[in-house]
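Engineer: take a look and give me a structure for this.
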Amino acid sequence: MPCTNTISEILKLKGSHVWSISPESTVFEAIKMMAEKDVGALLVTEGNKLLGLVTERDYTRKIALKGRSSKEVKVRGILSERLVAVSPAHKVEDCMRLMTENRVRHLPVLEAGIIQGLVSIGDLVNSIISEQDTTIHQLQTYISGHPA
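Structural biologist: Sure, this is the predicted structure:
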């Protein structure tokens, strides 16, 4: 059964606030912010312009495994510039497909070039589970003949 939820519905539930960081900040500042905010990715912005995304995975692969210093390297040096972005109207199922095809775990949400939010693979999975739970409950109610 296809998921019919949209990204807009996810943002209504989780909120559209996103954490961002300057490309001139250090990688250490970025990972510290991720830890404080309990997130796995930050949007990299300059003014209102989205430049890219920096993730825990970027830190692990581009700093830790290469023996580089997170206190010296700037976010600009490790950010992922090739962004896969979606709009609030995108269906959750389509976003899952995009994430799988592009091997990403976060999707910036843009509308007319303006940042609306950020969704993670966890957000999408939770949305699918919630929709399936609702469907199961409705079917059980229908089968048992008891009103909800």
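
Engineer: show me where pLDDT drops low in this protein?
Structural biologist: For the chain, the stretches with pLDDT under 70 are 1-3, 132-139, 142, 147-148.

Engineer: all strands for it, in order.
Structural biologist: Using DSSP state E, the strands of the chain run over residues 20-21, 41-46, 49-55, 106-111, 114-120.

Engineer: what lines up beside the shortest one in the sheet?
Structural biologist: Sheet pairing for strand 20-21, assigned by DSSP bridges, gives strand 41-46 (parallel).

Engineer: in the strand it pairs with, which residues are buried?
Structural biologist: Across strand 41-46, burial judged by 16 or more other C-beta atoms under 10 Å covers Ala41, Leu42, Leu43, Val44, Thr45. For every residue, glycine as well, the C-beta is placed using N, CA and C.

Engineer: ok, stretch 12-24 next?
Structural biologist: Residues of stretch 12-24 classed as buried by neighbour count (16+ other C-beta under 10 Å): Val18, Ser20, Ile21.
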